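In: Quick one, structure for this:
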Amino acid sequence: MNNIILFIFISINLAITTLNINKIIQNNKKRKEKIKEYQNKQNIKKMALYQIMPNFTKYDLKSKLFAEFKKDDIEKLNKIIDNLKKENSQIYIFSLKLLQNVDINNLRNFIHSIPKTTIHYCPSKEVFPVTGIYNKANNTIEIYKDKNNITLYHELLHVASTSYIYNAIGFKALINGISIGKGLNEGYTELLNNRFFNAKSKSYLYLQKLTKLIEKFYQNKEEMTEDYFNADILRLFGELIKNMSIEQAVDIIVDLDQFTKPETSDYISYLKTKQKIKNIYNKRKLSR
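Out: Below is the predicted model of the structure:
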């Protein structure tokens, strides 16, 4: 009798194990199919950008989008800071830290966007894939889950780097109707979030590491921060094409988008992208 019970128990466990293994195999298969489908779409985007980007090299990519602050600009900024101190302590604290880390001449977008920003704290949704959202259309931040204001400051960095003139948020922009720079923008935003506010966020971890590698192509990494707050991805391209072809620059920037979504982000793809960037960087060092 005991042997029969043992046999039944083992059989049931084997059946469950087999079902679980089959489920894992099917999930991996679906994941690979999603990644392949996504990469095919990204390749179409790359081909379109290969045709567009050479046109922008005709312009002076070293020139800044904005002139340095004048007395009126400084007075306007000081007034905004004073109002925040009275009306919104959270954004006020963020603003003080920003002023410590960013040249005042790169805060023109901050001056335009911050005074109109509203923050909504929403009920926690464990199934919601993100902890916060910045809606550029109505200049609203929605916070779903936060710890030590890490999410809030990430979203406020988006606000401070939003250009309504050039329809861009940091390094995320529309170029001839094609969206570019989402991955770069999220990774660099979280990298600055950790630097400016001594945070230890692991959000967008792959993207943080990859954007830190891209930062090395700048002789002065503060210039990348300047381009970010001026929402000037073209100046970033200007730095990259000093060391690589336009096609290589496009490949890198578009590849980063893959790591904004869990379903298309995997460690192998991260390693491939990382090695691609390092190979170009090392080649540049050898040629000098």
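
In: list the contacts for the residue nearest the centre of the chain?
Out: Nearest residue to the geometric centre of the chain (C-alpha atoms, centre = their mean): Glu186, 1.2 Å. Shown in contact with Glu186 (C-beta atoms under 8 Å, 6 or more residues apart in numbering): Tyr204, Leu207, Thr260. (C-beta placed from N, C-alpha, C; glycine too.)

In: and it, what element?
Out: In the assignment (DSSP states H and E), Glu186 maps to helix 182-197.

In: Can I get that helix as CSV, trimmed to CA atoms?
Out: Presented in CSV, the C-alpha positions along helix 182-197 are these (Å, rounded to 0.1, in the frame of the first residue of the first chain):
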residue,chain,number,x,y,z
LYS,A,182,14.2,57.0,-25.1
GLY,A,183,16.7,54.5,-23.7
LEU,A,184,19.5,57.0,-23.5
ASN,A,185,17.3,59.5,-21.8
GLU,A,186,16.0,57.2,-19.1
GLY,A,187,19.4,55.7,-18.4
TYR,A,188,21.1,59.1,-18.2
THR,A,189,18.2,60.6,-16.1
GLU,A,190,18.6,57.9,-13.5
LEU,A,191,22.4,58.2,-13.6
LEU,A,192,22.1,61.9,-12.7
ASN,A,193,19.4,61.1,-10.1
ASN,A,194,21.9,58.9,-8.3
ARG,A,195,24.7,61.4,-8.6
PHE,A,196,22.8,64.6,-7.6
PHE,A,197,20.8,63.1,-4.8
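
In: Confirm Asn148 sits in a strand?
Out: No - per DSSP: H, G, I helix; E, B strand; the rest coil, Asn148 lies outside any strand segment and is coil.

In: Identify the residues contacting it.
Out: Neighbouring residues of Asn148 by C-beta under 8 Å, 6+ apart: Ala199.

In: I'd like to know how far it sits from His154.
Out: 12 Å (C-beta to C-beta, to the nearest Å).

In: which intervals of the stretch 101-250 of the chain have sub-threshold pLDDT?
Out: Applying pLDDT under 70 to the stretch 101-250 of the chain flags the ranges 124-129.
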